[in-house]
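Undergrad: A predicted structure for the sequence below; I have some questions about it.
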Amino acid sequence: MPLKKIIKPLILASLCASSSYTLAQTKVIYNANGYTPLYKGEVKQFSTLVIKNGKVVKLGSETLKDSYPDAKLIDAHGNTLLPGLIDAHGHVIGLGDNLSQLDVRGATSVDEVTNKLKVFADNKQGWIIGRGWNQELWADTRFPTAKDLDKVVSDRPVVLSRVDSHAIWANSKALELAGITAQTKAPEGGEIIKDEFDNPTGIFVDKAESLITQHMPAPSKQDISDSLDAAGKHLLSLGITSTHDAGIDKATWEVYKERSELGNLPVRIVAMLSGASPDLNTMLKAGRYQDANSFMSIRSVKVYADGALGSRGAALIEDYADRTGHHGLMLETQEKLEALFTQSFKRGFSAHTHAIGDKANKVVLDAYEKVFKKTGGILLRNRIEHAQIVTLEDIPRFKKLKIIPSMQPVHATSDMHMAEQRLTEKQLSGAYAWQSFLQQGSIIAAGSDYPVELANPFYGLYSAITRMDHNQLPKNGWRASEVLSREDALRAFTLGGAYAAHQEFKIGSLEQGKWADFILIDKDYFKIPVDEIYETNVLQTWIAGIKRYEKEKNIIDK
């Protein structure tokens, strides 16, 4: 059934005509404190930006505006202007869903979670879905149980995803509806946490999640479209003009293409097909997709190799420091990874593989290397998503195999205390190694992994530059040799993401001929004290020379 077209044809035609006029009009943004990284490497400063047909015409000094007497002049009032920020790894529909579901992020105890659940459940029918719990924030860091949820809601199924989405916590009603018993076996690549009597406790890790989630009601295409709009609105308010969506199913793929054809996507999206989707081959056969205005690009596949560190699902070569005999979970064998890569490459799609643990990174690199020799595909700008724990021997292989490390700086500052418990010093030697990757010539594509982390890119920039939490701890930064400079961090959140999407000549910097995607912010990113970076507020967000978001009216330009 086609997506309900909220915008009626007559209104859509009117909007298109208005947008065409707005794009064609020359605009001059002046009195700006402008910075942009350049493709060749340096950072350029400017005060005036000239835009026509949605693209950058020229950058220059204040006198430049005098050369365009018929242009619309827009006073930036001295505010700092940066290129639109690119989040190279997020989950768009997950973010949109999260904005309307139960959010327990930051809860410091089971009781805090269940208190929030009780309030939420009073106004909700049917399945109760939520996200954000993290047992590492609790005094008792053990996994919770179904019985904890049953005390509050026992008549309806409750399913709460861990903050990293690599484990779920379900109540007894959900287990009953899914037919889960003591005899239920976890699928390969998954784990059912059980008690001393071998009964399932309500926690399902990685591929075992599907034992529950397959019974949850599927969202309609209208639900997906609504979540897209909610996520887009949020991302624009944070200065994100383009985002990479790490793993979409067939329904989302259809919605994205329909919305792209309608011309009403809220932000630019680079979507990766889910390698776990039963419809992967159907989507691959349809071929790569790119619209005329670079709002939607689909040319890659997202593959999962292992789980996450917080749920001890990240696959390690040696034991977890805090769980003897446990090495985490490989979600796919090397042979299956090779098959997925080959399937993708033959259709001209790159493969972007989630790998967090050092074993997973090694196996993925081995799989890429083997397939490159047999099938080719080395020039497709393949990526390893996260690349969090990598052996010192494997870091150079990223460069050799032209693998892009797609990394999320805020993971380091969120994980640092947990990582010290989970991992030995040897395992940490190549952990969150941004500077090591940069020094060898790798291009880092930075993101947040929202809604696992908050989407605010200024949190990520701050983490990249300091490796400290918002209390400026630990002093001088955690494993501080891996910090990035302000210039390199900004490049990772702009041109790095653009390069990883084959878009470095279209977006990522404000250079002649590129789309005029930019933001105005209330602080000078390059000059403020470092501890103020995460407090930066976005005043305006522009895509293709059109203002898409404004924080407050009448501050700058109406």
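TA: Good, I have the coordinates.
Undergrad: hey, C-alpha coordinates of stretch 313-322 in CSV?
TA: Coordinates of the C-alpha atoms in stretch 313-322 are reproduced here as CSV (Å, rounded to 0.1, in the frame of the first residue of the first chain):
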residue,chain,number,x,y,z
GLY,A,313,28.5,-9.0,23.3
ALA,A,314,31.5,-7.4,21.6
ALA,A,315,33.7,-10.3,20.3
LEU,A,316,37.1,-10.3,21.9
ILE,A,317,40.2,-12.4,21.2
GLU,A,318,40.9,-12.9,24.9
ASP,A,319,38.5,-13.2,27.8
TYR,A,320,36.6,-10.3,29.2
ALA,A,321,38.4,-8.9,32.2
ASP,A,322,35.2,-9.1,34.3
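Undergrad: and it, which residues are buried?
TA: Neighbour-count burial for stretch 313-322 flags 313-317, 320-321 (criterion: 16 or more other C-beta atoms under 10 Å). In short, each C-beta sits where N, CA and C put it, glycine included.
Undergrad: Please flag which of those sit within helices.
TA: Among the buried residues of stretch 313-322, no member is found in helices (DSSP state H).
Undergrad: Hmm, which of those residues is lowest in pLDDT?
TA: When the buried residues of stretch 313-322 are compared by pLDDT, residue 313 scores lowest at 92.
Undergrad: Now that it has come up, it's in contact with residue 206, right?
TA: Yes - here residue 313 lies in contact with residue 206, judged by C-beta atoms under 8 Å, at a distance of 4.9 Å.
Undergrad: which neighbours do the two share?
TA: Between them, residue 313 and residue 206 have 166-167, 191, 307, 329 as joint contacts when contacts are counted by C-beta atoms under 8 Å, 6 or more residues apart in numbering.
Undergrad: export those residues to JSON lines and tack on distance to residue 295, secondary structure and neighbour count?
TA: Shown next, in JSON lines, are those (distance: C-beta to C-beta, whole Å; DSSP: H, G, I helix; E, B strand; the rest coil; neighbours: other C-beta atoms under 10 Å):
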{"residue": "166", "distance to residue 295": "31", "secondary structure": "coil", "neighbour count": "26"}
{"residue": "167", "distance to residue 295": "34", "secondary structure": "strand", "neighbour count": "27"}
{"residue": "191", "distance to residue 295": "40", "secondary structure": "strand", "neighbour count": "21"}
{"residue": "307", "distance to residue 295": "33", "secondary structure": "coil", "neighbour count": "29"}
{"residue": "329", "distance to residue 295": "36", "secondary structure": "coil", "neighbour count": "26"}
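Undergrad: In this protein, where is pLDDT below threshold?
TA: Along the chain, segments meeting pLDDT under 70 span 1-23, 553-558.
Undergrad: List the contacts of stretch 165-172.
TA: Residues external to stretch 165-172 that are found in contact with it (C-beta under 8 Å, 6+ apart): 91, 94, 131, 133, 143-144, 146-147, 149-150, 153-154, 157-162, 178, 202-206, 209, 212-213, 307-308, 310-311, 313, 452.
Undergrad: The helix or strand containing residue 459 - contacts with which helices or strands?
TA: Residue 459 belongs to helix 457-466 when elements are defined using DSSP states H and E. Under the contact criterion of 3 or more C-beta pairs under 8 Å, 6 or more residues apart in numbering; DSSP states H and E, the helices and strands touching helix 457-466 comprise helix 409-422, helix 486-492.
Undergrad: Residue 193: neighbour count?
TA: 19 (other C-beta atoms under 10 Å).
Undergrad: show me the contacts for residue 159.
TA: Applying C-beta under 8 Å, 6+ apart to residue 159 gives the contacts 127-130, 168-171, 174, 212-213, 216.
Undergrad: That one in helix, strand or coil?
TA: State at residue 159, reduced to three classes by DSSP: H, G, I helix; E, B strand; the rest coil: strand.
Undergrad: Surely residue 259 forms part of a helix?
TA: Yes - inclusion of residue 259 in a helix is indicated when three-state DSSP is applied.
Undergrad: Make sure it is actually in contact with residue 227.
TA: No - here residue 259 does not reach residue 227: they are 11.8 Å apart, not a contact under C-beta under 8 Å.
Undergrad: thinking again about what came up before, may I see the helices and strands packed on helix 457-466 arranged in TSV, with distance to residue 139 as well?
TA: Formatted as TSV, the helices and strands packed on helix 457-466 follow (distance: least, C-beta to C-beta, whole Å):
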stretch	distance to residue 139
helix 409-422	14
helix 486-492	35
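Undergrad: from the buried residues of stretch 313-322, which single one is nearest residue 457?
TA: Nearest to residue 457, judged by C-beta to C-beta, of the buried residues of stretch 313-322 is residue 314 at 24.5 Å.
Undergrad: out of everything not next to it in sequence, what's closest to that closest one?
TA: When the adjacent residues along the chain are set aside, residue 314 lies closest to residue 357, with 3.6 Å between them (C-beta to C-beta, 6 or more residues apart in numbering).
Undergrad: Surely that neighbour is in contact with residue 315?
TA: Yes - here residue 357 reaches residue 315: they are 4.2 Å apart, a contact under C-beta under 8 Å.
Undergrad: so what sits against both of the two?
TA: 306, 328.
Undergrad: quick revisit: which residues does the residue nearest to residue 314 contact?
TA: Residue 357 sits next to 306, 309, 314-317, 328, 388-389 when contact means C-beta under 8 Å, 6+ apart.
Undergrad: what's the answer for residue 118, then?
TA: Neighbouring residues of residue 118 by C-beta under 8 Å, 6+ apart: 152-153.
Undergrad: now it: how far from residue 152?
TA: When distances are taken as C-beta to C-beta, to the nearest Å, residue 118 and residue 152 turn out to be 5 Å apart.
Undergrad: returning to that earlier point: and the contacts of residue 159, which of them are buried?
TA: Those of the contacts of residue 159 that meet the buried threshold are 128-130, 168-171, 174, 212-213, by 16+ other C-beta under 10 Å.
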